[in-house]
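Asker: Here you go, sequence then predicted model.
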Amino acid sequence: MRPAWLVVLVLGLTPAAPAEADEPRRTLDMSRVFDSGASRPRTPMTSTPADPPPLSERRQWLFDFRWDRGEVWLLGAGATDEQTPRETARAMGRFALELYEGPALIERVRFDFPLLGAAEALDGRGDRPPSLSQKLRTRVAVMFPATTRGTRLELWDRASDLRWSLPWPPLEARPRSRDAGAEGG
């Protein structure tokens, strides 16, 4: 029994005849393996449209919002002149100001209120932990381009999916220059 085992072992270790010389070389098409899926239709991960290209405006609206014990208030809006065109910043946030022209979204500015944390999840017993946001009072100023486009402005709380209509354009205020400081405005 032993010699047969050795023969199998020896035959298994002997180098094979170079098969490469007999076979034609072929190029493998790896594009299918590394396909990014560009040819397949993509399904959106969310129903929220993507942010539009940022607008670039010299004049900006400065919206003053307050979070007061779970409620959102617009305290006012004023125009400011930045001296040079300023492109709208893109950021993540629970809240968004969205400007529409008919059904088309033409600008979105996302923001958060200071100290307002993420929505609290249920704990293991199904209870919500104590919420600090129900007693929180905080304010935030949001820059928004003073474009001549747009027909409807909305404030959207993405966590609760509530929307509020805001006047567009806001009531005209005297433009305030950044150089003027406290005297200008």
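Answerer: Nice, thanks for sending it over.
Asker: Number of residues surrounding the closest residue to residue 100 other than its chain neighbours?
Answerer: Nearest residue to residue 100 in three dimensions, chain neighbours excluded: residue 152, at 4.5 Å (CB to CB, 6 or more residues apart in numbering). Using the backbone N, CA and C atoms, a C-beta is placed for each residue, glycine as well. Using other CB atoms under 10 Å, the number of residues around residue 152 comes to 14.
Asker: what helices or strands is the longest strand along the chain leaning on?
Answerer: The strand that spans the most residues within the chain, counting by DSSP state E, is strand 71-87. Using 3 or more CB pairs under 8 Å, 6 or more residues apart in numbering; DSSP states H and E, the elements in contact with strand 71-87 are strand 56-68, strand 137-145, strand 152-157, strand 176-177.
Asker: Can I get it as PDB, trimmed to CA atoms?
Answerer: C-alpha atoms of strand 71-87 as PDB (Å, rounded to 0.1, in the frame of the first residue of the first chain):
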ATOM      1  CA  GLU A  71     -41.400  75.400  17.900                       C
ATOM      2  CA  VAL A  72     -39.600  77.300  15.000                       C
ATOM      3  CA  TRP A  73     -40.100  81.000  14.600                       C
ATOM      4  CA  LEU A  74     -38.900  83.400  11.900                       C
ATOM      5  CA  LEU A  75     -37.900  86.600  13.700                       C
ATOM      6  CA  GLY A  76     -37.000  88.600  10.700                       C
ATOM      7  CA  ALA A  77     -35.000  88.800   7.500                       C
ATOM      8  CA  GLY A  78     -32.700  91.500   6.300                       C
ATOM      9  CA  ALA A  79     -30.700  92.100   3.100                       C
ATOM     10  CA  THR A  80     -26.900  92.400   3.100                       C
ATOM     11  CA  ASP A  81     -24.500  93.300   0.400                       C
ATOM     12  CA  GLU A  82     -21.300  91.100   0.400                       C
ATOM     13  CA  GLN A  83     -19.400  93.400  -2.100                       C
ATOM     14  CA  THR A  84     -18.500  90.300  -4.200                       C
ATOM     15  CA  PRO A  85     -20.700  87.400  -5.400                       C
ATOM     16  CA  ARG A  86     -20.900  84.600  -2.800                       C
ATOM     17  CA  GLU A  87     -21.700  81.000  -3.800                       C
END
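Asker: Could you tell me which strands it is paired with, and in which direction each runs?
Answerer: Strand pairing for strand 71-87, using DSSP bridges, gives strand 56-68 (antiparallel), strand 176-177 (parallel).
Asker: I'd say residue 155 and residue 93 touch.
Answerer: No - Residue 155 lies out of contact with residue 93 (CB atoms under 8 Å); the separation is 11.7 Å.
Asker: which of the two has more neighbours?
Answerer: residue 155 (19 against 14).
Asker: Can you name the residues that contact the residue nearest to the more buried one when sequence neighbours are not counted?
Answerer: What sits nearest to residue 155 in space, not counting adjacent residues and going by CB to CB, 6+ apart, is residue 164, at 4.7 Å. Contacts were defined as CB atoms under 8 Å, 6 or more residues apart in numbering; by that measure residue 164 touches 72, 154-155.
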